[in-house]
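*Asks:* Would you be able to build a 3D model of this:
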Amino acid sequence: MAGILFIISAPSGSGKSTLVNELRKQVSGVDFAISWTTRAPRGSEEHGREYCFTTREEFERMLAAGLFLEHAEVFGNLYGTARQSLDEARAAGHDLLLDIDVQGAAQVRAKMPEAVGIFVMPPNPRVLRTRLRNRSRAEGVVNEEEVYRRLREATKEIENYREYGYILVNDILDRAVAQLEAIVLAERFYRNGEPIAYRSRRVLEVAAACLHSNSQERLKPVLEAFGVLGTSGQQQLPFGDDPHDD
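*Replies:* Numbers count the residues shown, from 1 in each chain. Prediction:
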């Protein structure tokens with residue numbers, strides 16, 4: 001049976017990687033496409049675990065050879081998903097999860113409109129700023145200019161939430177993990193007729209509540225906090241005092 005392609009996107013620092021790791025512990029048959037990147041490893045990252053690290057020259061060679069399903073440049077670094085990941089998952093009959101940004105997601109949707117899109121949002125800019133700072137501290141340095149640059153980019157990325165079928169707000173980790181798990185199980189049920197062994201009705205209800213079409217009231221305060229919703233139509237950057245802004 002052919003697997004399902006899941007695309008999960010989120011601003012940097014939204015906790016997406018943690019959600020993916022927890023999902024894979026709890027749900028079998030989900031392969032994870034390890035992205036290629038030209039950026040340097042952070043902290044304890046290892047080649048072939050978090051990312052496949054390579055040079056810009058080698059990445060561009062792979063790109064010219066048509067080896068990537070999607071690719072994008074983010075903060076000056078190249079990222080891409082190898083087509084081989086999709087081929088291997090299909091051969092095994094597994095689902096495949098792509099952890100990619102909004103640029104890459106748009107490319108994949110154009111090629112594979114049947115893919116299931118999931119967008120993860122932080123609850124507000126202050127929480128996101130704290131997460132970004134904590135991550136920077138874990139890597140040994142806090143670069144405030146980089147933190148605010150990623151905050152500004154987060155607002156631009158969140159504007160793309162309408163392109164995704166499911167929306168998660170990662171304010172409480174356990175709840176967000178349960179919602180992500182429910183989405184995967186519900187999609188397997190609807191697309192492949194795969195039974196849900198435990199509390200099937202509740203799982204389907206949780207997944208349905210995360211549908212974009214059912215999320216407007218829940219999303220409104222998040223979108224307003226990031227300045228995405230407004231009567232003037234003008235984007236505001238509600239990040240507090242930024243010493244690097246003019």
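*Asks:* going forward, measure contacts between C-alpha atoms and count neighbours the same way
*Replies:* Will do.
*Asks:* Look through the chain and tell me its longest helix.
*Replies:* With DSSP state H applied, the helix covering the greatest number of residues in the chain is identified as helix 173-192.
*Asks:* Mind giving me the packing neighbours of that one?
*Replies:* Contact here means 3 or more Cα pairs under 8 Å, 6 or more residues apart in numbering; DSSP states H and E; on that basis helix 173-192 packs against helix 16-26, strand 166-169, helix 200-209.
*Asks:* and with 10 Å instead?
*Replies:* Secondary-structure packing of helix 173-192 (3 or more Cα pairs under 10 Å, 6 or more residues apart in numbering; DSSP states H and E): strand 5-9, helix 16-26, strand 116-121, strand 166-169, helix 200-209.
*Asks:* where do the strands sit along this protein?
*Replies:* Using DSSP state E, the strands found in the chain span residues 5-9, 30-32, 36-37, 52-53, 68-74, 77-82, 95-99, 116-121, 166-169.
*Asks:* Generate JSON lines for those strands, with distance to residue 22 and mean neighbour count as supplementary columns.
*Replies:* As requested, those are arranged in JSON lines below (distance: least, Cα to Cα, whole Å; neighbours: other Cα atoms under 10 Å):
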{"stretch": "strand 5-9", "distance to residue 22": "14", "mean neighbour count": "24"}
{"stretch": "strand 30-32", "distance to residue 22": "12", "mean neighbour count": "21"}
{"stretch": "strand 36-37", "distance to residue 22": "22", "mean neighbour count": "22"}
{"stretch": "strand 52-53", "distance to residue 22": "21", "mean neighbour count": "20"}
{"stretch": "strand 68-74", "distance to residue 22": "25", "mean neighbour count": "18"}
{"stretch": "strand 77-82", "distance to residue 22": "21", "mean neighbour count": "21"}
{"stretch": "strand 95-99", "distance to residue 22": "13", "mean neighbour count": "22"}
{"stretch": "strand 116-121", "distance to residue 22": "14", "mean neighbour count": "23"}
{"stretch": "strand 166-169", "distance to residue 22": "15", "mean neighbour count": "25"}
